[in-house]
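> Following is a predicted model, sequence given first.
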Amino acid sequence: MRYRLSIMALAVLAGLAFLPIPATAQRSSSSSQKVLAQKSSGFNVKAVEAFLKQGDAAISAGKVDEARENYDKARAAAKQLLSFYRDLSGSFRGLDARIPREMDSKGRKSLVLLAEVNLRLAALFRRENMPEVAVPLLIEVVKLMTPAKPEGQKAYQRLLELGFVDTPYAGASSNNF
């Protein structure tokens with residue numbers, strides 16, 4: 001009886017020895033392993049730029065609904081990225097200066113992309129005879145980029161063209177439009 005238990009224990013241990021053991025080695029940090037860093041299906045600035053290009057191509061092909069869908073996706077992703085980058089930047093301030101610098105840089109890129117998307121969406125809404133939908137987008141661009149930046153100046157100029165504002169911005173240079 002005692003031998004049977006010993007033989008059974010040995011058999012169980014031998015069986016365990018042949019089971020596949022999950023590897024605990026560190027994975028390579030190549031970009032093919034980083035799912036969110038991929039341009040086509042990732043969650044990053046490049047993915048937002050891809051949505052913008054798809055929207056531009058749809059506009060060129062006269063597919064307004066498809067363009068709006070792509071611009072909406074780009075806008076939502078840019079807003080989320082901007083928020084996440086700001087949150088991460090704030091969380092690491094005072095702990096590791098490299099991380100806030102990286103997050104601030106990515107956040108600025110997201111901000112510029114958000115302004116570009118808003119300008120394109122506003123142009124699309126103006127084209128579709130819905131200027132009242134374009135106004136909040138243009139105001140958001142002025143707020144995000146300030147009138148000192150070309151995107152902010154362009155947005156304010158569009159508001160002027162729509163008749164939402166009456167006073168031209170004196171600091172705007174004519175070559176930005």
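Noted; the coordinates are in hand.
> Show me what stretch 54-61 is in contact with.
Stretch 54-61 has contacts (C-beta atoms under 8 Å, 6 or more residues apart in numbering) with 64, 66, 67, 68, 69, 70, 71, 74, 120, 124. For glycine as for every other residue, the C-beta is placed from the backbone atoms N, C-alpha and C.
> Among those, which one sits closest to residue 108?
Residue 108 lies nearest to residue 74 out of the contacts of stretch 54-61, by C-beta to C-beta, at 16.6 Å.
> Quick check: chain neighbours aside, which residue is closest to that closest one?
Counting by C-beta to C-beta, 6 or more residues apart in numbering, residue 74 lies nearest to residue 51, which is 3.6 Å off, once chain neighbours are set aside.
> which ones are touching the one you found?
70, 71, 73, 74, 77.
> what helix or strand is residue 88 on?
helix 64-92 (DSSP states H and E).
> In the first helix or strand past that helix going along the chain, which residues are buried?
Note on helix 64-92: by DSSP H and E, the next helix or strand toward the C-terminus is helix 98-127. Judged by neighbour count using 16 or more other C-beta atoms under 10 Å, the buried positions of helix 98-127 are 100, 103, 106-107, 109-126.
> per-residue pLDDT, the nearest residue to residue 106 once chain neighbours are set aside?
Leaving out its chain neighbours, the residue that sits closest to residue 106 by C-beta to C-beta, 6+ apart is residue 85, at 4.8 Å. Note for residue 85: predicted pLDDT of 89.
> List the contacts of residue 85.
103, 104, 106, 107, 110.
> next one: residue 115
Taking C-beta under 8 Å, 6+ apart, one finds 141, 144, 145, 151, 152, 155 in contact with residue 115.
> separation between the residue most central in space within the chain and residue 111?
The centroid of the chain falls nearest to residue 78 when counting by C-alpha atoms, centre = their mean (3.4 Å). With distances taken as C-beta to C-beta, to the nearest Å, residue 78 is found 8 Å from residue 111.
> Next: residue 55.
Applying C-beta to C-beta, the value for residue 55 to residue 111 is 18 Å.
> Residue 45 too?
10 Å.
> Repeat that for residue 91.
Note on residue 91: its distance to residue 111, by C-beta to C-beta, is 19 Å.
> so where's the protein shaky on pLDDT?
The chain contains residues with pLDDT under 70 at 1-42, 172-177.
> sorry, back to before: quick one: the residue nearest to residue 106 and residue 153, what's the gap?
25 Å.
> The contacts of residue 51 into TSV, with extra columns for distance to residue 167 and neighbour count?
Formatted as TSV, these follow (distance: C-beta to C-beta, whole Å; neighbours: other C-beta atoms under 10 Å):
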residue	distance to residue 167	neighbour count
70	34	23
71	29	25
73	35	18
74	31	26
77	34	22
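> now, which of those sits nearest residue 130?
residue 71 (13.8 Å).
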